[in-house]
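>>> Just to be clear, the model below is a prediction. Sequence and coordinates:
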Amino acid sequence: MKVRALPVLALVLMGISQLALADTKFGFVNSERVMREAAPAVRAQQRIEKEFSKRDQELQRMAKDLESLQKDLENENSKMSSSERQSKERSFGDLNRDFQRKQREFREDLNQRRNEELASIIEKTNQVIKQIAEADKYDVILQDAVYANPRIDITDKVLKALTDAK
């Protein structure tokens with residue numbers, strides 16, 4: 001008698017779980033797309049580029065100076081006296097160390113600013129997603145799934161809300 005009750009119990013439980021899932025409203029947000037296309041993300045990227053463009057140009061100029069100095073050292077090596085060669089090698093080494101230090105500082109500062117902006121965008125995005133979830137009565141909203149049916153994708157709604165929120 002107990003053996004016959006197990007299949008019946010399993011069918012009843014499956015039916016109950018199907019009913020529970022049928023009443024559940026799911027949504028999906030493509031976070032990568034939001035970070036790439038959202039108005040706040042685009043504005044943040046523009047601010048960062050503007051903020052760091054001067055230092056980037058300076059680094060590019062220093063890289064050209066280093067390349068030019070290295071070519072001079074290679075081409076005129078046989079024509080230079082020992083003291084002149086040492087002097088140029090020393091200035092090349094000094095410039096190279098200064099360049100590498102500035103390049104490292106630039107990368108660190110740039111990463112820090114990107115992380116700050118990213119944190120702000122994530123916070124705004126999460127607020128918008130929560131507002132949408134409450135307004136549209138979603139039970140679950142997922143971010144970054146391997147696959148999500150386009151029927152439950154609310155990324156466009158989130159992008160529009162972020163644009164409107166400014």
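Sure, I can see it.
>>> following the helix or strand hosting residue 89, which helix or strand comes up?
Assigned by DSSP states H and E, residue 89 belongs to helix 82-135. Where DSSP H and E defines the elements, the next helix or strand beyond helix 82-135 is strand 140-143.
>>> Let me see the residues that make contact with the following helix or strand past that following strand.
Scanning forward in sequence from strand 140-143 by DSSP H and E, the next helix or strand is helix 155-165. With Cβ atoms under 8 Å, 6 or more residues apart in numbering as the test, helix 155-165 has contacts from 28-30, 33-34, 37-40, 124-125, 128-129, 131-132. The way it works is simple: take the backbone N, C-alpha and C, and place the C-beta from them, glycine included.
>>> Under the pLDDT cut-off, which ranges of this protein? List them.
1-22, 166 (pLDDT under 70).
>>> cutoff 80 now
1-23, 76-80, 165-166 (pLDDT under 80).
>>> Between the contacts of helix 155-165, which sits nearest residue 74?
residue 37 (47.5 Å; Cβ to Cβ).
>>> Can you report how many residues neighbour the nearest residue in space to the closest one that is not next to it in sequence?
Nearest non-adjacent residue to residue 37, counting by Cβ to Cβ, 6 or more residues apart in numbering: residue 159, 5.9 Å away. Per other Cβ atoms under 10 Å, the neighbour tally for residue 159 reads 20.
>>> separation between residue 159 and residue 116?
22 Å (Cβ to Cβ, to the nearest Å).
>>> what does residue 61 give?
27 Å.
>>> No further queries at this time; thank you.
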